[in-house]
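*Asks:* Okay, predicted coordinates and the sequence, questions at the end:
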Amino acid sequence: MAFKIEPTMGLIVYLYSIKHAKNLKQFGRLYYVSKRMRYALLYIDQDRQTEVIKKLNSENYVKQVVPSHLNELVHEVEGKNTLDEDDSFDEDF
């Protein structure tokens, strides 16, 4: 049996009350909950993105759902060569 990595994406879910954070476990992997700022970071499968966002927006305890752009940033940094193309690098340490 081969291990297959599924592409995931993060969702930042702003809540009216933190007591509903446990309900988010049915939508994906609940990674972090901020009590002070009342948001939760949720990881979901990328192919289920639109349906999960629709369901979350329909819940009465959810204020706003924002997709995380962390995956885009990682790909942008991975494609850049280290010192060859960087003109701002100064060799005087």
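*Replies:* Arrived safely, thanks for sending. Here the structure is a predicted model, which is why all the values come from computation and not from measurement. Residues are numbered from 1 along each chain as shown.

*Asks:* quick check: mean pLDDT across stretch 2-9?
*Replies:* Stretch 2-9 shows a mean pLDDT of 87 in the predicted model.

*Asks:* CA-only coordinates of it, as PDB, when you get a sec.
*Replies:* C-alpha atoms of stretch 2-9 as PDB (Å, rounded to 0.1, in the frame of the first residue of the first chain):
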ATOM      1  CA  ALA A   2       1.600   3.300  -1.100                       C
ATOM      2  CA  PHE A   3       1.200   6.400   0.900                       C
ATOM      3  CA  LYS A   4      -0.400   9.200  -1.200                       C
ATOM      4  CA  ILE A   5      -0.200  12.800  -0.100                       C
ATOM      5  CA  GLU A   6      -3.500  14.700  -0.700                       C
ATOM      6  CA  PRO A   7      -3.200  18.400  -1.600                       C
ATOM      7  CA  THR A   8      -4.700  20.500   1.200                       C
ATOM      8  CA  MET A   9      -5.500  24.100   1.700                       C
END
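
*Asks:* Need the contact partners of that stretch.
*Replies:* Applying CB atoms under 8 Å, 6 or more residues apart in numbering, the external contacts of stretch 2-9 come out as 43-47, 49, 67-68, 71. For glycine as for every other residue, the C-beta is placed from the backbone atoms N, C-alpha and C.

*Asks:* switch the cut-off to 6 Å
*Replies:* Among residues not part of stretch 2-9, those counted as contacts by CB atoms under 6 Å, 6 or more residues apart in numbering are 43, 45-46.

*Asks:* Same question for stretch 57-73.
*Replies:* Contact with stretch 57-73 is made by 10-16, 20, 53, 56, as judged by CB under 6 Å, 6+ apart.

*Asks:* and it, what's its mean pLDDT?
*Replies:* If you average the pLDDT values across stretch 57-73, you get 90.

*Asks:* Can you list the buried residues in it?
*Replies:* By neighbour count on 16 or more other CB atoms under 10 Å, the buried set for stretch 57-73 is 59, 62, 65.

*Asks:* what's the answer for stretch 15-24, then?
*Replies:* By neighbour count, and taking 16+ other CB under 10 Å as the criterion, the buried residues in stretch 15-24 are 15, 18, 20-21, 24.
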